[in-house]
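**Q** Sequence first, then the predicted structure, then my questions.
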Amino acid sequence: MAQDFESNGARVTNSATTIYTSNSDDAVVGLRLANILTAAVTVDVYITEGGSTDRYIVKTLSIPPGSSVELSQGGSKLVLQSGDVVKGLCGTANGIDAWISVVDAIST
């Protein structure tokens with residue numbers, strides 16, 4: 001069975017930033033956050049389910065300067081339903097680069 005792998009990058013700011021919006025039943029297979037500043041920053045990453053309920057993956061995660069963290073690793077996956085939105089919120093303006101990798105349309 002062929003899989004459709006997709007990716008998206010976003011600069012996470014101190015205002016809720018959309019990293020990825022699911023348009024089908026998708027599986028997140030990678031989510032990396034990189035601190036691009038010279039000081040530590042904090043970041044929240046959450047999924048807004050169906051446009052209304054926020055479910056946190058991490059809250060107030062501190063990332064040292066010049067460091068990154070992988071939120072989905074070791075074969076773990078986050079399953080998204082159509083319309084779910086992965087968002088980030090950085091404690092400092094423009095402090096985080098996010099890169100997400102997904103398998104699109106995991107069920108047909």
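**A** Nice, thanks for sending it over. None of these values were measured; they are calculated from a predicted model.

**Q** distance between the ends of stretch 6-23?
**A** Length of stretch 6-23, first residue to last, C-alpha to C-alpha, to the nearest Å: 12 Å.

**Q** what does stretch 42-57 contact?
**A** Contacts to stretch 42-57, defined as C-beta atoms under 8 Å, 6 or more residues apart in numbering, come from residues 12, 19, 31, 33, 58-63, 71, 78, 80-81, 83-92, 95-96, 98. Using the backbone N, CA and C atoms, a C-beta is placed for each residue, glycine as well.

**Q** Now with 7 Å, please.
**A** 12, 33, 58-63, 71, 80, 83-91, 96 (C-beta atoms under 7 Å, 6 or more residues apart in numbering).

**Q** which of those residues count as buried?
**A** 12, 33, 58, 61, 63, 71, 80, 84-90, 96 (16 or more other C-beta atoms under 10 Å).

**Q** which residues does residue 87 contact?
**A** Counting by C-beta under 7 Å, 6+ apart, the residues that residue 87 touches are 16-19, 46, 48.

**Q** Closest to residue 26 out of the buried ones among the contacts of stretch 42-57?
**A** Of all the buried ones among the contacts of stretch 42-57, residue 26 sits closest to residue 80, with 4.6 Å by C-beta to C-beta.
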